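Engineer: My questions are about this predicted structure, shown below with the sequence.
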Amino acid sequence: MRGVKRVVLVLAMLIVVLAVLGFVLENQQGVSLSFLGLVTGQMPVSVFVVVALIIGMLLGPLLSVIVGWNRREKSMTAGRG
């Protein structure tokens, strides 16, 4: 059973890697972004999208952990009073 799970996981990862690679290869047009007065140099669209994806994948779980801690603390203090 572990072997099947491992094969499925490897295949899923391979599909994700191929999808990202295809996206990067299809989106090579150069663009420059401007946000709050900061301007980037010309880079492919895929760079900005992949960086935004990675930041979102890091921030999402981090924020859910922080919210979870706050909820636990509130429930603990509510139980005391």
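Structural biologist: Thanks, I have it. Numbers count the residues shown, from 1 in each chain.
Engineer: Provide the count of other residues in contact range of Val51.
Structural biologist: Neighbours of Val51 under the rule other CB atoms under 10 Å: 11. For every residue, glycine as well, the C-beta is placed using N, CA and C.
Engineer: Offset the numbering so it begins at 520, please.
Structural biologist: Right, with 520 as the first residue, what we last looked at is Val570.
Engineer: Where in the chain is the helix or strand with the lowest mean pLDDT?
Structural biologist: The weakest-scoring helix or strand in the chain, judged by mean pLDDT, DSSP states H and E, is helix 564-599 (a mean of 83).
Engineer: got the buried residues for that one?
Structural biologist: Residues 564-565 are the ones in helix 564-599 that count as buried (16 or more other CB atoms under 10 Å).
Engineer: what's the answer for stretch 522-534, then?
Structural biologist: Buried residues in stretch 522-534 (16+ other CB under 10 Å): none.
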